[in-house]
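Visitor: Sequence first, then the predicted structure, then my questions.
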Amino acid sequence: MSWKWEYAFGAEEAARRAPADFLAQVERKADELVRAAEALHLHGRAHQGIDPEGADVIVPGGMFRYQIVVRSERVYVVQLTYLGF
């Protein structure tokens with residue numbers, strides 16, 4: 001299994017209604033988060049500790065909240081907030 005990101009919970013539904021340029025920014029940042037998580041947690045499937053805290057990321061047009069689940073080698077985008085700026 002390799003590291004990936006995906007929408008979770010209501011974020012998937014919100015992504016269906018969000019503008020494409022905003023989603024492109026979210027996806028670019030999520031890709032960066034995946035690369036960072038993969039570098040930090042080289043043996044993700046064998047991880048024994050607790051998962052790191054999630055955080056908010058501000059992008060042009062709004063923000064999103066993510067959560068890393070190390071044993072699943074996933075970065076989940078759990079909330080999208082489009083503000084239109």
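Guide: Perfect, thanks for sending it. Residues are numbered from 1 along each chain as shown.

Visitor: So for this structure, the centremost residue is which one?
Guide: residue 77 (3.7 Å; CA atoms, centre = their mean).

Visitor: Note down every partner strand of the helix or strand containing that residue and its orientation.
Guide: Assigned by DSSP states H and E, residue 77 belongs to strand 74-82. Strand pairing for strand 74-82, determined by DSSP bridges: strand 4-7 (parallel), strand 62-69 (antiparallel).

Visitor: Out of the ones you listed, which one sits most buried?
Guide: Highest mean neighbour count among the strands paired with strand 74-82 (mean count of other CB atoms under 10 Å): strand 62-69, with a mean of 19. Using the backbone N, CA and C atoms, a C-beta is placed for each residue, glycine as well.

Visitor: quick one, helices of the protein?
Guide: Taking DSSP state H to define them, one finds helices in the chain at 11-17, 20-40.

Visitor: I'd guessed residue 14 sits against residue 80; true?
Guide: Yes. Between residue 14 and residue 80 there is a contact under CB atoms under 8 Å: 4.3 Å.

Visitor: okay, these two: which has more neighbours?
Guide: residue 80 (22 against 17; other CB atoms under 10 Å).
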